[in-house]
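> Take this sequence and fold it.
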Amino acid sequence: MVIGFSHVQLVVSDVEASARWYEQVLGVEQFVAGEFGGGRYIGLRHRAAGFVVGLQTGPGAGQAAMVDHVSFTVGSREELVEHRDAAASAGLDVGDVFEEAASWNLRLRDPDGLAIELTAAKPRTR
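Coordinates of the predicted model:
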């Protein structure tokens, strides 16, 4: 039985630059760093939600497998607007909050161009 989201492992071109970006956008904190698989590695953990973002370089760096986007949950559409405003104020490239059938979403691109989405679920209706 699946009980939650554990981690995402990303191959990035610059581990330190990506770590700073994810710290700023997601509020994660570095908890481990070192060498892994022939390259640099940094593990970032979100203290409240418990998920981990692993960042690594190494053989094939810059040639990561295709990922359309990675999405993280926030509490409300209003929080999405707050995230968008904070990201824009920090000079990050950020899109508008957009609506889908079951959620409101905000997409940003990390330093390697991966789409990171913040999602606020719409209330369920029957």
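> Pairing partners for the closest residue to residue 15 other than its chain neighbours in the sheet, please.
Nearest non-adjacent residue to residue 15, counting by CB to CB, 6 or more residues apart in numbering: residue 40, 4.5 Å away. (Glycine included, C-beta is placed from N, CA and C.) Note on residue 40: beta-bridge partners by DSSP bridges are residue 35.
> what sits against residue 40?
By CB atoms under 8 Å, 6 or more residues apart in numbering, the contact set of residue 40 is 15-16, 33-34, 56-58.
> could you redo the last one with a cut-off of 10 Å?
Contacts here follow CB atoms under 10 Å, 6 or more residues apart in numbering; on that basis residue 40 touches 12, 14-16, 19, 33-34, 55-58, 61.
> With residue 96 instead?
Per CB under 10 Å, 6+ apart, neighbours of residue 96: 80-81, 84, 105-107.
> Let's see if you can find the most crowded of those residues.
Within those, most neighbours by other CB atoms under 10 Å means residue 106, with 24 neighbours.
> Next up, the contacts around it.
Applying CB under 10 Å, 6+ apart, we find residue 106 in contact with 71, 74, 77, 79-84, 87, 94-98, 116-120.
> I'd like to know which of these are buried.
71, 74, 77, 80, 83-84, 87, 94, 97, 116-120 (16 or more other CB atoms under 10 Å).
> which two in those are spaced the farthest apart?
77 and 116 (17.6 Å; CB to CB).
> returning to what we had before: show only the entries of the contacts of residue 106 found in helices.
Secondary structure from DSSP state H places 77, 79-84, 87 of the contacts of residue 106 in helices.
> Nearest to residue 28 among the residues you listed?
When the ones in helices among the contacts of residue 106 are compared for distance to residue 28 (CB to CB), residue 83 wins out at 13.9 Å.
> Can you verify my assumption that residue 90 contacts residue 23?
No: at 11.5 Å, residue 90 does not count as touching residue 23 under the criterion of CB atoms under 10 Å.
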